[in-house]
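*Asks:* would you be able to build a 3D model of this:
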Amino acid sequence: MDQHDKMITKRKVVLIISLMILLTTSIAAQGQLDVMRIRHDIMPIPNNHWIHYTDASNSLIHYLNEEAFKFLDARSEKTSRIKTLEEWKERQSRIRQTIWNILGPFPEKTPLNPKITGKVKKKGYAMENIIYESLPHFYVTASLFIPDNLKAPAPAILFCSGHSREAYRKQSYQLPILNLVKKGFIVFAIDPIGQGERLQYLNTETDESLIGSTKSVTIKKEHSYPSAQIFLTGQSIARYFIWDGIRGIDYLISRKEVDPKRIGVHGNSGGGTQTAYVSALDERVAASAPSCYITNYKRLMQSIGVQDGEQNFYHGILNGIDHADFIEARAPKPTLIMATTRDFFSIQGTRETYKEVKRIYERFGEPDHIKITEDDFEHGYTQKNREAMYAFFQKYLKIPGSPLEEKVDFLSEKELQKTSTGQLSTSLDSQTVFSLNQKEAKKLQSKLETSRDNLTKHLPGIINSAKTFSGYINPCLTDEPVFTGRIQRNGYVIEKYFIKGEGNYVIPYLLSIPDKANSKAVVTLYPSGKTAGFEDGETELLISKGFTVLTPDLIGTGEVGPGDFRGVNLDDISYNIWFSAVLIGRSIVGIQASDVVKLAHFLLRDKKITDIYGIAHKETCPVLLHASAFDHAFSRVALINPYSSYRSVVMSRFYQPGFVHSFVPGALTAYDLPDLAASLAPRKLLIAGVTDGNAMTVNMDHIKEDFDIIIRNYEHTSAVDQLSIIDRKPVDFYLNWLK
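*Replies:* Okay, the predicted model is just below:
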């Protein structure tokens, strides 16, 4: 190595060391603002480490689970008291009606308009490729397998596929399908939404999903991404999965080859979910065999957490629904629970559910009609369990024969293709779950617009509705904060605290007090937590103007988030945590809003502070809107880069996943974010840099439409000069607004 190369190498080393020092300094500075922990890579001595809160980052999922367990324990206590058949029948009727109610009204049955798009003849059976409409122009792709030499109408199985891009084309699914056919069963296999030839977000250039890869996680995203929009309208994507299956049975019984009194349903994993749902609600299902799904919510939440979109009912747990209810609703009809001991769906929960449902079957005098088969395996099929399934259907659908599994010749994907292009979206002018939900949302919007005609009546009503739907709980205002340290900086001091939140968790926050403080305090909310205001300079700008600034880590952020539970993860946002809130009739927004109100009232304890201002950024804006609408502690509010409305989320095919935790399930049945903003009049309100639900500013007409109610009510209250809606947040205007 010559002298020149040595000098270059030396400079590189110096540069690397300098960068490492800068990075370490930055990390150390950030670590100084921790309230409950000291990072051990920075300070080896944990002189300010609160051992009791070492799991604080999981606070949100723990709290939601604790709330869910209250409902589940109450349900268990009620069922344990049931002794007589009459009591079971009364509960059974109530369960079935509850499930129908929480799924939302199902549509009238419309013509299926089935089309056979291809036929394949194989040794021992014929296969027809079929497309039918479960709803007008909402197409379902399916294949009907018919054994040769049927001498009379035969029993039929509706086969529901689990999570895989290829659906029942997958060989592990073809194996049980073709074995059932060999044993004399007609099998009707359908593509679930987002699978097979029914991708909802097709990338026409790659033939893959626009929101995922080719792995099974894609299917979870195809199911969960539209679920958030559907939950906003107070419904569940599960209703579309169920309706596809019910209409599939309609098609089966329309065929002369099928005995309508001998209908079975079977599926594995996500197909097990569909099997459980359809079997609970369609009385024509004579025998049901859900595989690798049935457990119970308590064990599910204690282990892997609730799963993707269609596996969660809107307010399901709130209404007392657990996995056992899907079986109890159909008792004493034959049901086989198929399980594996190493499944991520808790086997302990499976056994507990089986024990519960066994009681109702015994009261009906049919204890043999509920069965369970287990095998030592991970999530998925085993030959032992498949053969138990064959024997189960042979017995209860009355088609004798050997249950032993046989080898089969698999069909190719081409043979199983129903559409000309391989996807409905490019072959037919097909509706999607998004477009169907959009129609529902338009109906809700129309009702909301009618209500808005009378502002005097409308606005007080929406406050009550928002409290109900968000699951808001009035905070306890007597809790005392815990002081954990102080940092002296030039011109101000940062005090570090935490205070008890709504549940069994704490809210860490920083209280920055200027040396020359005025009588006003500001609560600032950032999606990433309390340090963001220091990073972008906003906090120190406010301090320099004399404001006392409180910056919290709301539950799910900073030191109390986001946690280990990820599940379906888009843009690093866990949908599954939000689904946990949906199930129990709560929202993350409602919980956080309660905590924000608590912090504001804590500031008001200081006699030197006369006014509290609130500033929120991006997806924390709905939190501040709810908090300030529910409580008048905030005398003025600033929303920086908010999205305009929940309506803008459901009306656009694509929305920003980062906004999901700020959605209130069911909100659009009663109110929207602009209603809350309008209710703030005549308080001072700044809205700067607004976007639509996809974080875009292109749809300004819709944004203006959303804000019409805000402008009207500020005019109605003669407070137009208190309302500012601007394109962005220029510092001079921002500071002028604060005066």
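*Asks:* would you mind measuring from Ile230 to Glu108?
*Replies:* 20 Å (C-beta to C-beta, to the nearest Å). The way it works is simple: take the backbone N, C-alpha and C, and place the C-beta from them, glycine included.
*Asks:* and the two? Which one has more around it.
*Replies:* Set Ile230 next to Glu108 and count neighbours by other C-beta atoms under 10 Å: Ile230 wins out with 26 against 6.
*Asks:* what helix or strand is that one located in?
*Replies:* helix 216-232 (DSSP states H and E).
*Asks:* that helix packs against which elements?
*Replies:* With contacts defined as 3 or more C-beta pairs under 8 Å, 6 or more residues apart in numbering; DSSP states H and E, the packing partners of helix 216-232 are strand 208-209, helix 433-452, strand 569-570, helix 575-583, helix 647-650.
*Asks:* the same query, at a cut-off of 6 Å, please.
*Replies:* Judged by 3 or more C-beta pairs under 6 Å, 6 or more residues apart in numbering; DSSP states H and E, the packing partners of helix 216-232 are helix 433-452.
*Asks:* buried residues in the helix it packs on?
*Replies:* 433-434, 436-438, 440-441, 444-445, 448, 451-452 (16 or more other C-beta atoms under 10 Å).
*Asks:* can I get the residues you listed in a markdown table including distance to Asn58 and pLDDT?
*Replies:* Shown next, in a markdown table, are the buried residues of helix 433-452 (distance: C-beta to C-beta, whole Å; pLDDT from 0 to 100):
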| residue | distance to Asn58 | pLDDT |
| --- | --- | --- |
| Val433 | 32 | 97 |
| Phe434 | 32 | 98 |
| Leu436 | 36 | 97 |
| Asn437 | 32 | 97 |
| Gln438 | 36 | 98 |
| Glu440 | 35 | 96 |
| Ala441 | 34 | 97 |
| Leu444 | 35 | 97 |
| Gln445 | 37 | 97 |
| Leu448 | 37 | 97 |
| Ser451 | 40 | 97 |
| Arg452 | 41 | 97 |
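*Asks:* for those residues, which one is nearest Thr341?
*Replies:* Nearest to Thr341 among the buried residues of helix 433-452 is Val433, at 34.8 Å by C-beta to C-beta.
*Asks:* circling back to that earlier point, average pLDDT for the helix holding Ile230, rounded please.
*Replies:* Across helix 216-232, the average pLDDT comes to 87.
*Asks:* cool, and stretch 703-721?
*Replies:* For stretch 703-721, mean pLDDT is 95.
*Asks:* hmm, who's touching stretch 251-262?
*Replies:* Contacts to stretch 251-262, defined as C-beta atoms under 6 Å, 6 or more residues apart in numbering, come from residues 112, 114, 132, 146, 150, 153, 155-156, 186, 188, 286, 397.
*Asks:* quick revisit: ok now the helix holding Ile230, how far from the chain's centre?
*Replies:* 8 Å (C-alpha atoms, centre = their mean, to the nearest Å).
*Asks:* now stretch 354-365: buried residues?
*Replies:* For stretch 354-365, a neighbour-count test (16+ other C-beta under 10 Å) marks 354, 356-364 as buried.
*Asks:* again, but for stretch 687-699
*Replies:* 687-688, 690-696, 699.
*Asks:* now pLDDT too, for those, in JSON lines please.
*Replies:* Output for the buried residues of stretch 687-699, formatted as JSON lines (pLDDT from 0 to 100):
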{"residue": "Ile687", "pLDDT": "95"}
{"residue": "Ala688", "pLDDT": "93"}
{"residue": "Val690", "pLDDT": "94"}
{"residue": "Thr691", "pLDDT": "94"}
{"residue": "Asp692", "pLDDT": "94"}
{"residue": "Gly693", "pLDDT": "94"}
{"residue": "Asn694", "pLDDT": "94"}
{"residue": "Ala695", "pLDDT": "92"}
{"residue": "Met696", "pLDDT": "91"}
{"residue": "Asn699", "pLDDT": "69"}
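*Asks:* need the max-distance pair from the buried residues of helix 433-452.
*Replies:* Most distant of the buried residues of helix 433-452, by C-beta to C-beta, are Val433 and Arg452, 28.0 Å apart.
*Asks:* quick one, phi/psi of the residue nearest to Ile573 when sequence neighbours are not counted?
*Replies:* In this structure, Ile573 finds its nearest non-sequential neighbour in Pro657, 4.9 Å apart by C-beta to C-beta, 6 or more residues apart in numbering. Pro657 adopts backbone torsions of phi -60, psi -30, taken as degrees, to the nearest 10.
*Asks:* can you map out the helices along the stretch 301-450 of the chain?
*Replies:* Under the criterion DSSP state H, counting those that start in this stretch, the stretch 301-450 of the chain carries helices at the ranges 323-328, 347-363, 383-396, 424-427, 433-452.
*Asks:* quick one: the residue nearest the centre of the chain from Gln592, how far?
*Replies:* When the chain is reduced to its mean C-alpha position, the nearest residue by C-alpha atoms, centre = their mean turns out to be Phe579, at 3.4 Å. For Phe579, the distance to Gln592 (C-beta to C-beta) stands at 17 Å.
*Asks:* which segments of this structure make up each domain?
*Replies:* With automatic domain parsing as the criterion, the domains of the chain are listed as 98-431, 447-738.
*Asks:* just send those domains back as TSV, with distance to Gln92 too.
*Replies:* Putting the domains of the chain into TSV (distance: least, C-beta to C-beta, whole Å) gives the following:
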stretch	distance to Gln92
domain 98-431	6
domain 447-738	22
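*Asks:* tell me which of those sits nearest to Met36.
*Replies:* That would be domain 447-738 among the domains of the chain, by C-beta to C-beta, at 5.7 Å.
*Asks:* now that closest one: how far from the chain's centre is it?
*Replies:* For domain 447-738, the distance to the chain centre is 21 Å (C-alpha atoms, centre = their mean).
*Asks:* how about the CA coordinates for stretch 568-576, as CSV?
*Replies:* In CSV, the C-alpha atoms belonging to stretch 568-576 read as follows (Å, rounded to 0.1, in the frame of the first residue of the first chain):
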residue,chain,number,x,y,z
VAL,A,568,-50.5,-8.1,9.6
ASN,A,569,-48.1,-5.3,9.3
LEU,A,570,-48.4,-2.6,6.6
ASP,A,571,-46.0,0.3,6.7
ASP,A,572,-44.9,-1.0,10.2
ILE,A,573,-48.5,-0.6,11.5
SER,A,574,-50.0,-3.6,13.3
TYR,A,575,-53.5,-4.0,12.1
ASN,A,576,-54.1,-6.9,14.5
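*Asks:* pLDDT of that stretch, averaged?
*Replies:* 88.
*Asks:* run through who's touching it.
*Replies:* Here stretch 568-576 makes contact (C-beta under 6 Å, 6+ apart) with 220, 224, 305-306, 308, 566-567, 657-658, 660.
*Asks:* and of those, the nearest to His62?
*Replies:* Proximity of those to His62 (C-beta to C-beta) peaks at Gly305, which lies at 11.1 Å.
*Asks:* can you pull the contacts of the closest one?
*Replies:* 565, 567, 576.
*Asks:* let me have these in a markdown table, extended by neighbour count.
*Replies:* Shown next, in a markdown table, are the contacts of Gly305 (neighbours: other C-beta atoms under 10 Å):
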| residue | neighbour count |
| --- | --- |
| Phe565 | 20 |
| Gly567 | 20 |
| Asn576 | 22 |
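*Asks:* switch those over to CSV; also include distance to Glu87.
*Replies:* Formatted as CSV, the contacts of Gly305 follow (distance: C-beta to C-beta, whole Å):
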residue, distance to Glu87
Phe565, 37
Gly567, 37
Asn576, 35
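*Asks:* now do the helices in the stretch 551-700 of the chain.
*Replies:* For the stretch 551-700 of the chain, applying DSSP H, counting those that start in this stretch gives helices covering 575-583, 588-604, 621-630, 647-650, 673-679, 700-716.
*Asks:* by contact count, what packs against the last one?
*Replies:* Counting contacts by 3+ C-beta pairs under 6 Å, 6+ apart, helix 700-716 packs against helix 673-679.
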